[in-house]
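**Student:** build me a model:
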Amino acid sequence: MDQKLPTIIPPYGESESRSTARESWRMFEIMAEFVEATERLAPIRPAVSIFGSARVKPDTAYYMLTETIARKLSDAGFAVVSGGGPGVMEAANKGAFFGKSPSVGLNIQLPHEQHANPYQDISQTFRHFFARKVMFVKSSSAYVIMPGGFGTMDELMEVLTLVQTGKIQRIPIILVGKAFWQGLMGWVKDTLALEGMIDPADIDLIQTIDEPDEVVDAIFQHYETRQFVSPAKDQEILLNL
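**Tutor:** Model (predicted):
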């Protein structure tokens, strides 16, 4: 019978020590990123986050629709938060920039540099995607999801998971463009719900809307029985996000 060879653990060398020290200092960088973003974004509530494709061009219907929605939200008293880049993000910031409420960009440093769009009253840059995503959630009274790709889907699924699991309060999650989203919503209803992967009631976490005025109305209707500013118990939940 073959004997199992003992595991040989190499001595803890200088390179491992340097790596551990760098990792520890990186945690301080992450903490500093959270602290700075929290202090800068605290005054902007109530706010609505708008997500969508960076590839949308200014002369397209999606861009102009996003700009209109953002302008209406801004004039209604909502700060508008986007990812700070081009496409839908730029349209969202542009609409808010010329409205009555702040236009906010949560920019991200990428290997292929993302240039911040020029329509930002408040601009905050992040090195880490996860820190940026937390700040989107902590700042938002609603999510408006325009047509987009993987990054947009990531944000949508993130907030749906947080609401579904009770990690954040329920907020309006609005998909704009029924034709664009009908395939996804059909799969959610006919596959996820029917096969028991989600509760049928979870479908109601999502609304699909086409008209800009209806987007604004849906957000106000959600908050008819509660304040836009989270009560103390919900703020405590966000602290543990």
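
**Student:** wasn't Thr125 part of a strand?
**Tutor:** Yes - counting by DSSP: H, G, I helix; E, B strand; the rest coil, Thr125 is located in a strand.

**Student:** ramachandran angles for Ile108?
**Tutor:** phi -130, psi 140 (degrees, to the nearest 10).

**Student:** and stretch 197-217, what's its mean pLDDT?
**Tutor:** Mean pLDDT, computed over stretch 197-217, is 97.

**Student:** whoops, stretch 57-71 was the one
**Tutor:** For stretch 57-71, the mean per-residue pLDDT is 97.

**Student:** contacts made by it with the rest, please.
**Tutor:** Identification of contacts with stretch 57-71 by CB atoms under 8 Å, 6 or more residues apart in numbering yields 50, 52-53, 56, 80, 87-88, 90-96, 98-99, 103, 144, 146-147, 176-177, 212, 215-216. No exception for glycine: its C-beta is placed from N, CA and C like everyone else's.

**Student:** with just CA atoms, put stretch 166-183 into CSV.
**Tutor:** The C-alpha trace of stretch 166-183 is given here as CSV (Å, rounded to 0.1, in the frame of the first residue of the first chain):
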residue,chain,number,x,y,z
GLY,A,166,-33.9,41.5,2.2
LYS,A,167,-30.5,43.1,2.2
ILE,A,168,-32.0,46.4,1.1
GLN,A,169,-35.5,47.8,1.2
ARG,A,170,-37.7,47.3,-1.8
ILE,A,171,-37.2,50.1,-4.4
PRO,A,172,-38.6,50.6,-7.9
ILE,A,173,-36.7,48.6,-10.5
ILE,A,174,-37.8,49.8,-13.9
LEU,A,175,-36.8,48.3,-17.2
VAL,A,176,-37.3,50.9,-20.0
GLY,A,177,-38.1,49.5,-23.4
LYS,A,178,-40.7,46.6,-23.3
ALA,A,179,-39.6,45.3,-26.8
PHE,A,180,-36.0,45.1,-25.7
TRP,A,181,-36.7,43.4,-22.4
GLN,A,182,-39.5,41.1,-23.4
GLY,A,183,-37.2,38.1,-24.0
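
**Student:** what sits closest to Leu192 if chain neighbours are left out?
**Tutor:** Ile198 (4.8 Å; CB to CB, 6 or more residues apart in numbering).
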